[in-house]
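Asker: following is a predicted model, sequence given first.
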Amino acid sequence: MNRVLALKAKCAKLPFGHRIFSRLVAGMAPYFKTIRPLILDVKPNYIKVNMPKRRSVHNHLKTVHAIAMCNLCEFAAGVCMEASLPSHLRWIPVGMQVAYLKKAKTDLYAICDLGTPDWDTIDVQVCHVSVRDRSDVEVMTADIDMKVSV
């Protein structure tokens, strides 16, 4: 079992374990703590993560800033890769294409579903991330290219 899923299993036994787990994972790259991500579900090839709308992630329109949403997407894709890759492989983001579709006026959640990649042959995994608001309206999408290597 990889370290993300092992940490999830360990934290699941604790009161508020999912919150503790989310903070510990975000702390692996401390910049991610700025969006206060809460991992709602993670398993190999899939993650769903929440980001609260609060003043520190606002733009001048008092909606969620585009870069905060990019941060959410990169967090979701990175944790998904970390929870999915066999232990002999590693990943690094090498590109990101985003589309801002609607104003983000509420808390958000992001989903990254990798499907069933063939980790033995893949060179670059595209992580498609959909960001949605409380009404399930898609406000942003991101395709993050992850270089996979030994």
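Answerer: Cool, got the structure. Numbers count the residues shown, from 1 in each chain.

Asker: in the chain, what residue spans correspond to helices?
Answerer: Applying DSSP state H to the chain gives helices spanning 3-11, 17-26, 66-84.

Asker: any idea which of these is most buried?
Answerer: Per-stretch averages of neighbours, counted by mean count of other Cβ atoms under 10 Å, single out helix 66-84 among the helices of the chain, with a mean of 23. In this view, the C-beta of every residue, glycine as well, is placed from N, C-alpha and C.

Asker: which helices and strands does it pack with?
Answerer: helix 3-11, strand 38-43, strand 46-51, strand 90-100, strand 108-113, strand 124-133, strand 138-149 (3 or more Cβ pairs under 8 Å, 6 or more residues apart in numbering; DSSP states H and E).

Asker: how about a cut-off of 10 Å?
Answerer: The contact analysis (3 or more Cβ pairs under 10 Å, 6 or more residues apart in numbering; DSSP states H and E) places helix 66-84 against helix 3-11, helix 17-26, strand 38-43, strand 46-51, strand 90-100, strand 108-113, strand 124-133, strand 138-149.

Asker: who does the fifth one pair up with?
Answerer: Partner strands and pairing direction for strand 90-100 (DSSP bridges) are strand 138-149 (antiparallel).

Asker: quick one, the partner strand and helix 66-84 angle?
Answerer: 50 degrees (axes from the mean of the first three to the mean of the last three Cα atoms, to 10 degrees).

Asker: okay if I get the helices and strands packed on helix 66-84 as a markdown table plus distance to His58 and mean pLDDT?
Answerer: Listed next are the helices and strands packed on helix 66-84 as a markdown table, based on distance: least, Cβ to Cβ, whole Å; pLDDT from 0 to 100:
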| stretch | distance to His58 | mean pLDDT |
| --- | --- | --- |
| helix 3-11 | 30 | 94 |
| helix 17-26 | 20 | 95 |
| strand 38-43 | 19 | 97 |
| strand 46-51 | 12 | 98 |
| strand 90-100 | 15 | 97 |
| strand 108-113 | 13 | 98 |
| strand 124-133 | 15 | 98 |
| strand 138-149 | 14 | 98 |
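
Asker: would you turn the ones you listed into JSON lines with distance to Ala76?
Answerer: Converted to JSON lines, those look like this (distance: least, Cβ to Cβ, whole Å):
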{"stretch": "helix 3-11", "distance to Ala76": "12"}
{"stretch": "helix 17-26", "distance to Ala76": "11"}
{"stretch": "strand 38-43", "distance to Ala76": "9"}
{"stretch": "strand 46-51", "distance to Ala76": "5"}
{"stretch": "strand 90-100", "distance to Ala76": "12"}
{"stretch": "strand 108-113", "distance to Ala76": "4"}
{"stretch": "strand 124-133", "distance to Ala76": "5"}
{"stretch": "strand 138-149", "distance to Ala76": "9"}
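
Asker: thanks again, I'm all set now.
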